[in-house]
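> Build me a model:
(2 chains)
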2 protein chains.
Amino acid sequence: MASIPAEFSLIYKHFRPLAGPGALDLGDDAAVFAPPPGRELVIAADAMVEGVHFLADDPPDLVARKLLRSNLSDLAAMGATPFGYLLTVSVRRDTPDAWFAGFAAGLAADQAEYAVALLGGDTTSTPGPASLSLTILGTVAPGTALRRNGARPGDGVWVSGTIGDGALGLLAATGRLADADGYLAGRYRLPQPRVALGQRLAGIATAAMDVSDGLVQDLGHLCRGSGVSATIEAAQVPLSPAARAAVAAEPELLARCLAGGDDYELLLAVPAARAGALREAAAACGVAVTQIGAFAAGAAEVTAIGPDKRPLALGARGWSHFD
Amino acid sequence: MASIPAEFSLIYKHFRPLAGPGALDLGDDAAVFAPPPGRELVIAADAMVEGVHFLADDPPDLVARKLLRSNLSDLAAMGATPFGYLLTVSVRRDTPDAWFAGFAAGLAADQAEYAVALLGGDTTSTPGPASLSLTILGTVAPGTALRRNGARPGDGVWVSGTIGDGALGLLAATGRLADADGYLAGRYRLPQPRVALGQRLAGIATAAMDVSDGLVQDLGHLCRGSGVSATIEAAQVPLSPAARAAVAAEPELLARCLAGGDDYELLLAVPAARAGALREAAAACGVAVTQIGAFAAGAAEVTAIGPDKRPLALGARGWSHFD
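Predicted coordinates:
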């Protein structure tokens, strides 16, 4: 970790207890560690900006956990076992000690939950919105990393968990959608990366990615990566009870569930013969998996069939029927 | 690399050509690579914020190179050989294509110069100042990483290159100091990380770090890391001809040279018996090294002796004589 000016010694105080093996107590210019023998390394980085990826008044522990979990979700999508992370935090100079204490407490909670530790990073000031970046490291057995390029025509399109809670949760967290028990806002603020499931998918999924930018857009990425097309049925897309109730009251919200981001579920291509193995792997992790469509030959096109069996299309203001 | 919304496809266009082995063309959720056998991994992350670490009108290729080089400097300080990096870029939505093209061109130039390649990252929007974060990876032979904790009483305090150009260069770049040939501003905008020298210091330096936050402050960090004190002589601190001329015209600038940041030189503890080996290693890299003082027993105190042989002290508005 780069040396920290006096005004940031409070961060050092809060972050040092999070340091793992190799982090050298955050007292050197870099972390040093022996990579686990016989494994490949998997590494990804994601950034979050206040006002874009989280709300200014979101509790700092949840901001920290969302940052860590959005990165863990990338490792889950690769089938990797996480072990550590580096963190850069740029915040205003008047950020109170309590914010850092909460932020570090969130990291500590998730370090315990996901068996990862802080390896290093940097803290700086910014005159603008808080800007956070995290680099996550994990490992896989050589050659077993899940990729986006293996989906084949005939494979099923599967998702873990439920879709749309993140997008509806943002509406709820900003007071634009009723959310009596806070379930939706909670899903927006605290994703559940499918790390355990991801590690069981080698030999089952032919392609995988996480759903972070919206189901349909991400499915398009996977189709382009694999050179296939896909058709999904909106009615098959698993919704949480809270999302289902919201969509029942306001049917246009279905489009937001399919196109909105922040799901952090896994999107998988799975041959029919391995559907049973997938269900077993998911059951072992306590995660639901649902087939929502199928891949087919074709030029990376995604078709979503609406509840009325007609194709949906994304218009300028969201999804609408073709006319 | 996380998937990129449409408005950022231009970044993808610019960054994909920078992708190295393991980056999977930036088309997956993470990079996958086999760590070099028999080496330890060294990893560090540094952030830069527009208006804090670089100027809004700095050329984007130089911003990119400074970001990469400030991280390379951390690896140099550990004696590591760099091989790759991840990058997160948060910029305003109206950032023009030319900025990204210039930014990527700067990265490409330094990838060739330092034999590193892009492994992954993320691009997001921000309503505020551009916020950049880079995670650098390198390797060392096991057990040879340079640390801050090995300096012993009697070791010499050494620095590479010249000190103070970064701090004076910031003044020059912002029109507060004459800089006819642009040398000082150039040193501020484009550091020269001592990567080659760092790799030759195992067995020579007992402790090392890079000077990024100011010589005296960073020497204090090294003293605390090693449990020693240090005395340096301001008159021995190597200044570039441009810095020497500036200080001759305005003696108060000496304090700024000693306390200012952005040098990205190496600060070393070297036993007297190894001074020759250090000089040989530096000569082989074409880098100057200068002894500026010595470590002694004591409680992590840094004393800087002024040109008039009296101790200098950092006052609220910079350095001044004790009175």
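> Okay, the residue nearest to A:Gly306 when sequence neighbours are not counted and chain B: tell me how far apart.
Residue nearest to A:Gly306 in three dimensions, not counting chain neighbours: A:Leu312, with 4.7 Å by C-beta to C-beta, 6 or more residues apart in numbering or on different chains. In this view, the C-beta of every residue, glycine as well, is placed from N, C-alpha and C. Look at A:Leu312 and chain B: by C-beta to the nearest C-beta, to the nearest Å, they are 19 Å apart.
> Chain neighbours aside, what residue packs nearest to A:Asp262?
Of all residues not flanking A:Asp262 in the chain, A:Gly166 sits nearest, at 2.8 Å (C-beta to C-beta, 6+ apart).
> re the thing from before, got phi/psi on the residue nearest to A:Gly306?
phi -100, psi 150 (degrees, to the nearest 10).
> Which residues are in contact with A:Phe295?
A:Phe295 makes contacts with A:151-157, A:223, A:226, A:228-230, A:269, as judged by C-beta atoms under 8 Å, 6 or more residues apart in numbering or on different chains.
> ok so, going back, is it true that the residue nearest to A:Gly306 touches A:Glu233?
No: applying C-beta atoms under 8 Å, one finds A:Leu312 not in contact with A:Glu233, separated by 10.4 Å.
> Of those two, which one has the most company?
Between A:Leu312 and A:Glu233, counted using other C-beta atoms under 10 Å in any protein chain shown, the more crowded position is A:Leu312 (23 against 17).
> hang on, the earlier thing: need the residues touching each of A:Leu312 and A:Glu233.
A:Ala304, A:Ile305.
> what helix or strand does the residue of the stretch 1-150 of chain A found nearest chain B sit in?
Among the residues of the stretch 1-150 of chain A, A:Gly128 lies closest to chain B, at 2.5 Å counting by C-beta to the nearest C-beta. Using DSSP states H and E, A:Gly128 is not contained in any helix or strand.
> Dig out what the residue nearest to A:Gly306 forms beta bridges with.
On the basis of DSSP bridges, A:Leu312 is bridged to A:Ala304, A:His321.
> Name the nearest residue to the residue minimising distance to the centre of chain A, ignoring sequence neighbours.
Per C-alpha atoms, centre = their mean, the C-alpha nearest to the average position across chain A is that of A:Tyr264, at 3.2 Å. Spatial nearest neighbour of A:Tyr264, excluding adjacent residues (C-beta to C-beta, 6+ apart): A:Pro191 at 3.6 Å.
> related to what we said a few turns ago, so the residue of the stretch 1-150 of chain A closest to chain B sits against B:Arg92, correct?
No: taking contacts as C-beta under 8 Å, A:Gly128 lies outside contact range of B:Arg92: 10.1 Å.
> Which neighbours do those two have in common?
B:Thr126, B:Pro127, B:Gly128.
> Mind pulling up the pLDDT for the residue of the stretch 1-150 of chain A closest to chain B?
pLDDT, A:Gly128: 96.
> From B:Phe103, how far off is it?
According to C-beta to C-beta, to the nearest Å, A:Gly128 and B:Phe103 sit 19 Å apart.
> between those two, who's got more neighbours?
Higher neighbour count among A:Gly128 and B:Phe103: B:Phe103, with 27 against 22, using other C-beta under 10 Å.
> I figured the more buried one was touching B:Asp61, is that so?
Yes: assessed by C-beta under 8 Å, B:Phe103 is found in contact with B:Asp61 at 6.6 Å.
> Now do the helices in chain A.
Here chain A has its helices, by DSSP state H, at A:9-15, A:60-78, A:97-114, A:165-173, A:183-189, A:195-198, A:215-226, A:241-249, A:253-259, A:275-285.
> Format those as TSV; extra columns: mean pLDDT.
Output for the helices of chain A, formatted as TSV (pLDDT from 0 to 100):
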stretch	mean pLDDT
helix A:9-15	80
helix A:60-78	97
helix A:97-114	96
helix A:165-173	96
helix A:183-189	95
helix A:195-198	98
helix A:215-226	95
helix A:241-249	97
helix A:253-259	94
helix A:275-285	98
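> possible to save those as a markdown table with distance to B:Val140?
Putting the helices of chain A into a markdown table (distance: least, C-beta to C-beta, whole Å) gives the following:
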| stretch | distance to B:Val140 |
| --- | --- |
| helix A:9-15 | 24 |
| helix A:60-78 | 25 |
| helix A:97-114 | 26 |
| helix A:165-173 | 41 |
| helix A:183-189 | 40 |
| helix A:195-198 | 30 |
| helix A:215-226 | 35 |
| helix A:241-249 | 50 |
| helix A:253-259 | 47 |
| helix A:275-285 | 37 |
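> Out of the ones you listed, which is the most enclosed?
Neighbour counts averaged per stretch over the helices of chain A are highest for helix A:60-78, at a mean of 27; criterion: mean count of other C-beta atoms under 10 Å in any protein chain shown.
> for that helix, packing partners?
strand A:40-49, strand A:81-91, helix A:97-114, strand A:131-140, helix A:195-198, strand A:207-211 (3 or more C-beta pairs under 8 Å, 6 or more residues apart in numbering or on different chains; DSSP states H and E).
> for these, which one sits closest to B:Phe15?
Closest of the helices and strands packed on helix A:60-78 to B:Phe15 is strand A:40-49, at 12.5 Å (criterion: C-beta to C-beta).
> The closest one near chain B anywhere?
Yes: for strand A:40-49 and chain B, the contact criterion (C-beta under 8 Å from any C-beta of the partner chain) is met by A:Glu40, A:Leu41, A:Val42, A:Ile43, A:Ala44, A:Ala45, A:Asp46, A:Ala47, A:Met48, A:Val49.
> interface residues of the stretch 201-323 of chain A facing chain B?
Counting by C-beta under 8 Å from any C-beta, the stretch 201-323 of chain A sits next to chain B at A:Met209, A:Asp210, A:Ser212, A:Asp213, A:Gln217, A:Asp218, A:His221, A:Gly225.
> confidence score at the fourth one?
Yep, that's A:Asp213 we're talking about. 89.
> So it sits against A:Gly261, correct?
Yes: shown here, A:Asp213 and A:Gly261 form a contact pair, counting by C-beta under 8 Å, at 4.9 Å.
> Domain map for chain A?
A:6-140, A:156-315 (automatic domain parsing).
> from the chain's centre, how far out does the shortest one sit?
In other words, domain A:6-140. Chain-centre distance of domain A:6-140: 15 Å, with C-alpha atoms, centre = their mean, to the nearest Å.
> related to what we said a few turns ago, tell me which of the helices of chain A sits nearest to B:Pro21.
For those, distance to B:Pro21 was read as C-beta to C-beta. The smallest value, 16.2 Å, belongs to helix A:60-78.
> quick one, that closest one and helix A:215-226 angle?
Calculated by axes from the mean of the first three to the mean of the last three C-alpha atoms, to 10 degrees, helix A:60-78 forms an angle of 30 degrees with helix A:215-226.
> Let me know the angle separating helix A:60-78 from strand A:40-49.
Using the same axes, to 10 degrees: helix A:60-78 against strand A:40-49 is 140 degrees.
> Please export the alpha-carbon coordinates of helix A:60-78; PDB is fine.
Presented in PDB, the C-alpha positions along helix A:60-78 are these (Å, rounded to 0.1, in the frame of the first residue of the first chain):
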ATOM      1  CA  PRO A  60     -20.700   2.400   4.200                       C
ATOM      2  CA  ASP A  61     -20.600  -1.200   5.300                       C
ATOM      3  CA  LEU A  62     -23.000  -2.100   2.500                       C
ATOM      4  CA  VAL A  63     -21.100   0.000  -0.100                       C
ATOM      5  CA  ALA A  64     -17.900  -1.900   0.800                       C
ATOM      6  CA  ARG A  65     -19.600  -5.300   0.700                       C
ATOM      7  CA  LYS A  66     -21.200  -4.500  -2.700                       C
ATOM      8  CA  LEU A  67     -17.900  -3.500  -4.100                       C
ATOM      9  CA  LEU A  68     -16.300  -6.700  -2.900                       C
ATOM     10  CA  ARG A  69     -19.200  -8.800  -3.900                       C
ATOM     11  CA  SER A  70     -19.500  -7.400  -7.400                       C
ATOM     12  CA  ASN A  71     -15.900  -8.500  -7.900                       C
ATOM     13  CA  LEU A  72     -16.500 -11.900  -6.300                       C
ATOM     14  CA  SER A  73     -19.300 -12.300  -8.800                       C
ATOM     15  CA  ASP A  74     -16.800 -12.000 -11.600                       C
ATOM     16  CA  LEU A  75     -14.700 -14.800 -10.000                       C
ATOM     17  CA  ALA A  76     -17.900 -16.900  -9.600                       C
ATOM     18  CA  ALA A  77     -18.600 -16.500 -13.300                       C
ATOM     19  CA  MET A  78     -15.100 -17.900 -14.000                       C
END
